[in-house]
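J.: Show me the folded form of this:
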Amino acid sequence: MGLSIQTTPAKISIETIDCRIERKSEMARLELKQKSPVVNIKTELPKVLIDQYECFAEEGLKNNYDLLKEQADLAYQHVMEYIGRVAEDGDAMAKIGNKANIMIDIAQRNSVTTHEFGMATMPMSRPKIDAVGGTVEFEPEPINDIGMRNGVIGTYIPAQTDFNYIPGKVNTNVVSYGSIEIKYTGNNVDSYI
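T.: Prediction:
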């Protein structure tokens, strides 16, 4: 008796998709706004004022007002001296009994001019020297539009992280089913006696 057994294995296809985690992240940031300090400085340079008018006036270089005043004072002085001399002469003539030749003395005195000589350097006065100016003013800049005079304003932006999870999958399909085929082949045996 003969049997024939034939088998066909089953075939299964398995397809897998891995799971994934997608992550998007943004770093933390610190935004700074800075304005340098500004100071407005106003300076006035120093000036030296030298007044040499007195020095020049002693040498005869005067303005009109001072020249007229000097000449008026000199004329007043000469008039007062002349009046005093005439008064003295009148008083001397009134006492004519004391001295008989008073007129000769007056004429002799008026005929001789006496000069006074001296030594001086020109100019005798010093110039007037004054220093003006030379000031420095400091003024800080007023508060600006971002609310500060100077310095730093910082804005902190925190970090952000987004996660997205995609689960894995397993797909299974039967490509072919398994089978067993059994056949009886009969008796193919020769026997000899």
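J.: which of the residues in the lengthiest helix in the chain are buried?
T.: The single longest helix within the chain, with elements called by DSSP state H, is helix 64-94. Within helix 64-94, the residues that qualify as buried by neighbour count (16 or more other CB atoms under 10 Å) are D89. All C-beta atoms are positioned from the backbone trio N, CA, C, and that covers glycine.
J.: what's the angle from the helix or strand following it to helix 64-94?
T.: Next in sequence after helix 64-94, counting helices and strands by DSSP states H and E, comes helix 102-111. Compare the direction of helix 102-111 with that of helix 64-94 by axes from the mean of the first three to the mean of the last three CA atoms, to 10 degrees and you get 160 degrees.
J.: mind checking how far helix 102-111 is from the chain centre?
T.: Helix 102-111 sits 85 Å away from the centroid of its parent chain (CA atoms, centre = their mean, to the nearest Å).
J.: Kindly report the same for stretch 157-169.
T.: For stretch 157-169, the distance to the chain centre is 50 Å (CA atoms, centre = their mean).
J.: can you pull the buried residues of it?
T.: So, applying 16+ other CB under 10 Å, stretch 157-169 has no buried residues.
J.: Give me the contact list for that stretch.
T.: With CB atoms under 8 Å, 6 or more residues apart in numbering as the test, stretch 157-169 has contacts from 16-31.
J.: try stretch 58-70
T.: Contacts of stretch 58-70 with the rest of the structure, by CB under 8 Å, 6+ apart, involve 53, 56-57, 122-125.
J.: Low-confidence stretches in the protein?
T.: Along the chain, the model assigns pLDDT under 70 to residues 1-2, 96, 98-100, 142-151, 186-193.
J.: mind running it again at 80?
T.: Scanning the chain for pLDDT under 80 picks out 1-4, 34-39, 60, 94-101, 119-123, 140-153, 184-193.
J.: now G90: how far from I106?
T.: As defined by CB to CB, to the nearest Å, G90 lies at a distance of 10 Å from I106.
J.: can you check Y82 too?
T.: The gap separating Y82 from I106 is 13 Å, by CB to CB.
J.: contacting residues around K33?
T.: Shown in contact with K33 (CB under 8 Å, 6+ apart): 146, 152-155.
J.: With P123 instead?
T.: Residues counted as contacts of P123 (CB under 8 Å, 6+ apart) are 54-56, 58-59.
J.: at 10 Å what do you get?
T.: Contacts of P123 were listed using CB atoms under 10 Å, 6 or more residues apart in numbering, and they are 52, 54-59.
J.: Now render the contacts of K33 as TSV, adding neighbour count, secondary structure and distance to A10.
T.: What follows is those, written out as TSV (neighbours: other CB atoms under 10 Å; DSSP: H, G, I helix; E, B strand; the rest coil; distance: CB to CB, whole Å):
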residue	neighbour count	secondary structure	distance to A10
I146	9	coil	77
V152	9	strand	74
I153	12	strand	74
G154	9	strand	69
T155	9	strand	66
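J.: which of these lies closest to S36?
T.: V152 (10.4 Å; CB to CB).
J.: what's downstream of the helix or strand containing T172, the next helix or strand?
T.: Using DSSP H and E, T172 falls within strand 169-176. Toward the C-terminal end, the helix or strand that comes next after strand 169-176 (DSSP H and E) is strand 179-186.
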